[in-house]
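# quick one, fold the following:
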Amino acid sequence: MEITILCKVVDNFGDIGVNWRLAKKLKSLNPASKINLIVDNLSSFNKICADVKTGLPLQSVCGIEVYDWNAYDFCYGQFAGENNRRLQVILECFQCGRPDWMEKILFDDELNHTVQIIMIDYLSAEDYAESFHKLQSLTRRGKVKKVNFMPGFTAKTGGLIIDDGWEKLTPRNESGDILFFTYARDWTPVVKAIKGAGTCAGKKILCAAGAGQESFVKAWKKNVGEGEGGILEILPFMNQTDWDKMMKNCSFLFIRGEESLSRACLTGIPFIWHAYPQSDEYQLVKVNALLERMRRHFSEEDFGKVAAAWQAINSPESGENKRMLQDSVSTMLAMQNHLAGGFRDFALDLRKNGDLGQNLMTFIEEICIM
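Residues are numbered from 1 along each chain as shown. All right, here's what the predicted structure looks like:
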């Protein structure tokens with residue numbers, strides 16, 4: 001079996017982070033299979049995996065064949081003509097589309113076998129994830145099949161990637177550091193909440209590289225004196241393995257995106273999710289959908305504390321909201337040890353849905369047989 005994964009790096013490193021994790025998982029499940037990962041930005045890939053080199057049309061990393069999406073002539077030569085049978089199963093991830101050279105191969109008259117395209121969509125807790133899961137759609141050629149496969153938080157979706165080291169829940173380190181990994185905004189209310197929280201005294205505040213680092217550091221330096229509210233540590237870019245280890249050793253997480261969100265959900269560590277800001281504040285729809293999946297793991301009073309912080313951090317930066325953000329984050333930080341039980345139960349429940357990679361491989365085997 002040969003599986004080809006397509007990835008465009010759209011939003012920092014989340015896209016390649018998920019795809020690299022998925023590629024490694026599929027390879028581990030079926031070592032005899034050939035896994036191709038076609039990426040449009042090798043420089044971003046290198047940030048999370050130093051073994052990846054830039055400027056190469058093809059390289060082997062961890063047993064996975066990594067192609068440069070943009071190397072038109074080289075890739076066309078690798079997969080066209082007599083080699084077009086290499087295109088058996090294509091994972092089109094996060095609505096990334098297909099390279100022009102692949103499009104030419106798929107809809108050329110020389111293609112005389114069936115190609116199965118599986119659309120791996122964005123992670124969402126919304127109800128549509130269940131409705132769209134395994135839903136077929138049409139292409140402009142009968143030999144090119146297309147079907148949706150939805151990551152998610154329920155048994156009616158594909159679940160989350162539970163790769164090596166994530167099968168079991170790691171005991172929470174109550175004295176661990178606090179991780180801050182978000183998008184940009186005025187983080188003064190959160191900085192003040194951390195500064196005033198007794199639970200943060202003496203801890204490191206790990207500020208991750210990325211879009212939100214500069215705005216957080218600016219707010220920290222403006223509002224926190226030396227020796228107050230913890231110790232700020234500005235992190236460089238980290239490879240995926242080290243990032244996972246660091247997250248698991250923290251006691252509280254401020255997290256963003258899809259890749260790190262899925263990891264936060266699996267840690268069982270109390271966390272606040274900063275969703276990607278969207279027009280008409282649609283991010284709140286996504287946030288509230290995930291909160292509803294989590295609700296039953298908390299008492300109503302505790303759930304209200306979590307929901308208040310999540311909604312405030314994802315709402316517009318008005319004066320009133322800034323006050324609500326500071327108060328709600330202060331409450332969650334003060335209650336983090338108490339709230340940890342609900343987050344832990346949620347993490348354990350997610351494992352019951354199975355691993356996305358295993359669920360996907362089973363699905364691929366089923367459709368190939370059919």
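# mind checking the SS state of residue 251?
strand (DSSP: H, G, I helix; E, B strand; the rest coil).
# and it, what pLDDT?
Residue-level confidence at residue 251 comes out at 97, pLDDT.
# my read is that it contacts residue 173, right?
Yes. Residue 251 lies in contact with residue 173 (Cβ atoms under 8 Å); the separation is 5.9 Å. C-beta: built from backbone N, CA, C; applies to glycine.
# between the two, who's got more neighbours?
Taking neighbours as other Cβ atoms under 10 Å, residue 251 and residue 173 compare with residue 251 leading, 21 against 12.
# can you tell me, leaving aside adjacent residues, what's nearest to the more buried one?
Counting by Cβ to Cβ, 6 or more residues apart in numbering, residue 251 lies nearest to residue 176, which is 3.9 Å off, once chain neighbours are set aside.
# so what's the residue count around the one you found?
Around residue 176 there are 19 other residues, counting by other Cβ under 10 Å.
# residue 137 and residue 149 touch, don't they?
No. Using Cβ under 8 Å, residue 137 makes no contact with residue 149, being 11.9 Å away.
# more neighbours: those two, which one.
Using other Cβ under 10 Å, the more surrounded residue of residue 137 and residue 149 is residue 149, with 22 against 11.
# what separates that one from residue 22, distance-wise?
Distance, residue 149 to residue 22, using Cβ to Cβ, to the nearest Å: 11 Å.
# beta partners for the nearest residue to residue 271 once chain neighbours are set aside?
Of all residues not flanking residue 271 in the chain, residue 253 sits nearest, at 3.7 Å (Cβ to Cβ, 6+ apart). Residues in a beta bridge with residue 253, per DSSP bridges, are residue 179, residue 271.
# shared neighbours, residue 137 and residue 149?
residue 119 (Cβ atoms under 8 Å, 6 or more residues apart in numbering).
# tell me the buried residues in the helix or strand that contains residue 312?
Under the criterion of DSSP states H and E, residue 312 resides in helix 300-313. Neighbour counts over helix 300-313 (16 or more other Cβ atoms under 10 Å) mark 302, 303, 305, 306, 307, 308, 309, 310, 311, 312, 313 as buried.
# just checking, what packs against it?
Contact partners of helix 300-313 among helices and strands, from 3 or more Cβ pairs under 8 Å, 6 or more residues apart in numbering; DSSP states H and E: strand 271-274, helix 283-294, helix 319-334, helix 336-351.
# okay, the angle between it and helix 283-294?
Between the axes of helix 300-313 and helix 283-294, defined by axes from the mean of the first three to the mean of the last three Cα atoms, to 10 degrees, the angle is 160 degrees.
# what does helix 300-313 rub up against?
Taking Cβ under 8 Å, 6+ apart as the rule, helix 300-313 contacts 190, 254, 272-274, 284, 287-288, 291, 294-295, 298, 321, 324-325, 328-329, 331-332, 335, 338-339, 342.
# you'd agree residue 46 is in a strand?
No. Counting by three-state DSSP, residue 46 is not part of a strand but helix.
# ok, and the closest non-adjacent residue to it?
residue 52 is the one closest to residue 46 (Cβ to Cβ, 6+ apart), at 4.7 Å.
# which residues touch that neighbour?
42, 45, 46, 59, 61, 66.
# which among those count as buried?
Of the contacts of residue 52, these count as buried by 16+ other Cβ under 10 Å: 42, 45, 46, 59, 61, 66.
# can you list contacts of the host helix or strand of the last one?
Following DSSP H and E, one finds residue 66 within strand 64-68. Outside strand 64-68, the residues that touch it by Cβ under 8 Å, 6+ apart are 23-24, 27, 34-40, 42, 45, 52, 56-60, 74-75, 78.
# gap between the residue most central in space within the chain and residue 17?
Taking Cα atoms, centre = their mean, the centroid of the chain lies closest to residue 259, which sits 1.3 Å from it. Plainly put, residue 259 is 4 Å away from residue 17 if you go by Cβ to Cβ.
# nearest residue to residue 324 in space, please, no chain neighbours.
Closest to residue 324 by Cβ to Cβ, 6+ apart is residue 312, at 4.6 Å.
# same question for residue 31.
residue 63 (7.6 Å).
# pretty sure residue 271 sits against residue 264.
Yes. Between residue 271 and residue 264 a contact is recorded at 4.5 Å, counting by Cβ under 8 Å.
# overlap in contacts of the two?
By Cβ under 8 Å, 6+ apart, the residues touching both residue 271 and residue 264 are 253, 255.
# residue 10 against residue 94, yeah?
Yes. Between residue 10 and residue 94 there is a contact under Cβ under 8 Å: 7.1 Å.
# and these two? Which one has more around it.
More crowded of residue 10 and residue 94, by other Cβ under 10 Å: residue 94, with 20 against 13.
# residue 341: neighbouring residues, count only.
Neighbours around residue 341, by other Cβ under 10 Å: 15.
# look up how far residue 268 lies from it.
9 Å.
# repeat for residue 138
42 Å.
# next one: residue 85
Residue 85 sits 44 Å away from residue 268, going by Cβ to Cβ.
# higher neighbour count, these two?
residue 268 (22 against 13).
# which residues touch that one?
Neighbours of residue 268 in contact, by Cβ under 8 Å, 6+ apart: 169, 170, 172, 340, 343, 344, 346, 347, 348.
# in stretch 332-352, which residues are buried?
The neighbour-count check on stretch 332-352 (16+ other Cβ under 10 Å) flags 332-334, 336, 339-340, 342-344, 346-347, 349-351 as buried.
# just the helices in the stretch 51-200 of the chain please.
For the stretch 51-200 of the chain, the helices defined by DSSP state H, counting those that start in this stretch cover 72-79, 100-106, 128-132, 188-196.
# out of these, nearest to residue 363?
helix 128-132 (13.9 Å; Cβ to Cβ).
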